[in-house]
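S.K.: 3D model of this:
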Amino acid sequence: MATIEFVTIEVTDPTVAKRFYTEALGLEDRVRVRASEAPTSGFRGFTLSLIVSQPATVNGIVDAAVEAGGTVLKPAAKSLWGYGGVVQAPDGTIVTLASSSKKDTGPATRQIDDVVLQLGVEDVAASKQFYADHGFVVAKSYGRRYVEFDTGPVKLTLYKRRALAKVAGVSPDGTGAHRLGIGTDAGSFTDPDGFSWEAASR
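M.R.: Residues are numbered from 1 along each chain as shown. Here you go, the predicted structure:
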């Protein structure tokens, strides 16, 4: 079974980015940063989603993200499925925070239950087959709308690009580099939407 050990975000200011991902979000084991000046604009075609246990934890992480230079794209609020919000990192990466619970069951913590890499793709069915051919195991699949893979430390999901942008609260338009490298034990390759997969190394 192919796994994702971590993701690497390419940024113009690694010092600021590292502070954001490690100190504000607590993702030092799952997110790395490296310097890049690769041209990019608008939506980069992916988001990071952090799943937590309750609304108070969402609020605490959003506050820490803003203090570290992040920008709120969608204020944290209740919805049909739970509670969540969206922030944008100083480097432009979009981070969604979500809890399936609408009520707090205890004091706020900093614990993140799941880190999910959400890719916005042109053709969900074709990308699903591409990843299956590279050893990724499908955990859930809803036709041509959504696919979730069992990828270990960082979970991988596929959405239509426009649908993912809508969830993030941004325009789906964007050009240039994704500025994302995905560390995996499945080897190095580039997927149909131009996302770069790299052999994981510690």
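
S.K.: CA atoms for contacts and neighbours, from now on please.
M.R.: Fine.

S.K.: centre-most residue in the chain?
M.R.: Central residue of the chain (C-alpha atoms, centre = their mean): Leu48, 1.3 Å from the mean position.

S.K.: give the partner strands of the helix or strand that contains it in its sheet and their orientations.
M.R.: Per DSSP states H and E: Leu48 is located in strand 46-51. Strand pairing for strand 46-51, using DSSP bridges, gives strand 94-99 (parallel), strand 114-121 (antiparallel).

S.K.: which residues in the protein form helices?
M.R.: 14-18, 55-67, 124-133, 161-168 (DSSP state H).

S.K.: please compute how far the second one lies from its chain's middle.
M.R.: A distance of 16 Å separates the centroid of the chain from that of helix 55-67, by C-alpha atoms, centre = their mean, to the nearest Å.

S.K.: which outside residues touch it?
M.R.: 20, 24-25, 52, 71-72, 76, 83-85, 87, 89, 97-99, 101-104, 107-111 (C-alpha atoms under 8 Å, 6 or more residues apart in numbering).

S.K.: that older thread, could the helices of the chain be laid out in CSV, adding distance to Leu117?
M.R.: Shown next, in CSV, are those (distance: least, C-alpha to C-alpha, whole Å):
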stretch, distance to Leu117
helix 14-18, 18
helix 55-67, 18
helix 124-133, 14
helix 161-168, 11
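
S.K.: which of those is buried the deepest?
M.R.: helix 55-67 (a mean of 20; mean count of other C-alpha atoms under 10 Å).

S.K.: between it and strand 94-99, how big is the angle?
M.R.: Computed by axes from the mean of the first three to the mean of the last three C-alpha atoms, to 10 degrees, the angle separating helix 55-67 from strand 94-99 equals 160 degrees.

S.K.: in this protein, what spans have low per-residue confidence?
M.R.: Where the chain drops to pLDDT under 70, the residues are 202.

S.K.: just the buried residues from the contacts of helix 55-67, in ChimeraX please.
M.R.: Per 16 or more other C-alpha atoms under 10 Å, the buried members of the contacts of helix 55-67 correspond to this ChimeraX selection:
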select :20,24,25,52,71,72,76,83,84,85,87,89,97,98,99,101,102,108
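
S.K.: the contacts of helix 55-67 in strands, which ones?
M.R.: Thr71, Val72, Ala76, Tyr83, Gly84, Gly85, Val87, Leu97, Ala98, Ser99 (DSSP state E).

S.K.: what is the nearest of those to Gly187?
M.R.: Gly187 has its nearest neighbour among the ones in strands among the contacts of helix 55-67 in Leu97, at 29.3 Å by C-alpha to C-alpha.

S.K.: quick check: that closest one vs Val116, distance?
M.R.: 10 Å (C-alpha to C-alpha, to the nearest Å).

S.K.: please identify every residue contacting each of these two.
M.R.: Ser49, Leu50, Ile51.

S.K.: who wins for most neighbours among the residues you listed?
M.R.: Greatest neighbour count in the shared contacts of Leu97 and Val116, by other C-alpha atoms under 10 Å, goes to Leu50: 22 neighbours.
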